[in-house]
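Student: make a model of this:
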Amino acid sequence: MRSITVVLCAFLAALALPALAQQVVVEKDSDLRGAASHSAPVVGKVKQGTNGEVTDKSGAWVNLKTPDAAGWLFSFNVRFAGSGAAGGGDGGSGLVSRLTGPRTNVSVTSTLGTRGIEEE
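Tutor: Numbering: from 1, shown residues only. Next up, the predicted model:
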């Protein structure tokens, strides 16, 4: 019974892996590193406009696979497919969207406050 459970878990994990892969475009020339760290050795380089696939995430880092190279890249250097330009209206922004992907059905409210101005 235990071996069936292990096999079933492995099968379900294998099914989930393709769902993680996301298409991205590199936003600026960047170094690919051997691990998710600025201190990790550089294992390759990617140019702005290169298309690739994210195969894993670790904090603010993504493991990028391109036709020419593979390695870890800081996630702020890529644009996830389907997201627009900066603040692109997809509802995602900053570090949270880089870690969790774009959000949908989000309403944004802006307010303006002024202090120190008295009525004359």
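Student: all strands of the chain, in order?
Tutor: Using DSSP state E, the strands assigned to the chain run over residues 22-26, 30-33, 42-46, 51-58, 61-65, 70-74, 78-80.
Student: how about those strands, which one is nearest residue 4?
Tutor: For residue 4, the closest of the strands of the chain is strand 51-58, at 28.1 Å, according to C-beta to C-beta. For glycine as for every other residue, the C-beta is placed from the backbone atoms N, C-alpha and C.
Student: that closest one pairs with which strands?
Tutor: Strand 51-58 has the following strand partners under DSSP bridges: strand 22-26 (antiparallel), strand 61-65 (antiparallel).
Student: nearest to residue 81, of the ones you listed?
Tutor: strand 22-26 (3.9 Å).
Student: export the strands of the chain to TSV and tack on mean pLDDT and distance to residue 116?
Tutor: Shown next, in TSV, are these (pLDDT from 0 to 100; distance: least, C-beta to C-beta, whole Å):
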stretch	mean pLDDT	distance to residue 116
strand 22-26	90	45
strand 30-33	93	44
strand 42-46	93	49
strand 51-58	92	44
strand 61-65	92	43
strand 70-74	92	40
strand 78-80	89	40
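Student: out of the ones you listed, nearest to residue 3?
Tutor: Of these, the one closest to residue 3 (C-beta to C-beta) turns out to be strand 51-58, at 27.8 Å.
Student: tell me which of the strands paired with strand 51-58 is the most buried.
Tutor: A comparison of the strands paired with strand 51-58 by mean neighbour count, using mean count of other C-beta atoms under 10 Å, puts strand 61-65 on top with a mean of 22.
Student: the residue lying closest to residue 60 once chain neighbours are set aside - how many residues pack around it?
Tutor: Excluding the flanking residues, the one nearest residue 60 by C-beta to C-beta, 6 or more residues apart in numbering is residue 75, at 5.2 Å. Residue 75 is flanked by 22 other residues according to other C-beta atoms under 10 Å.
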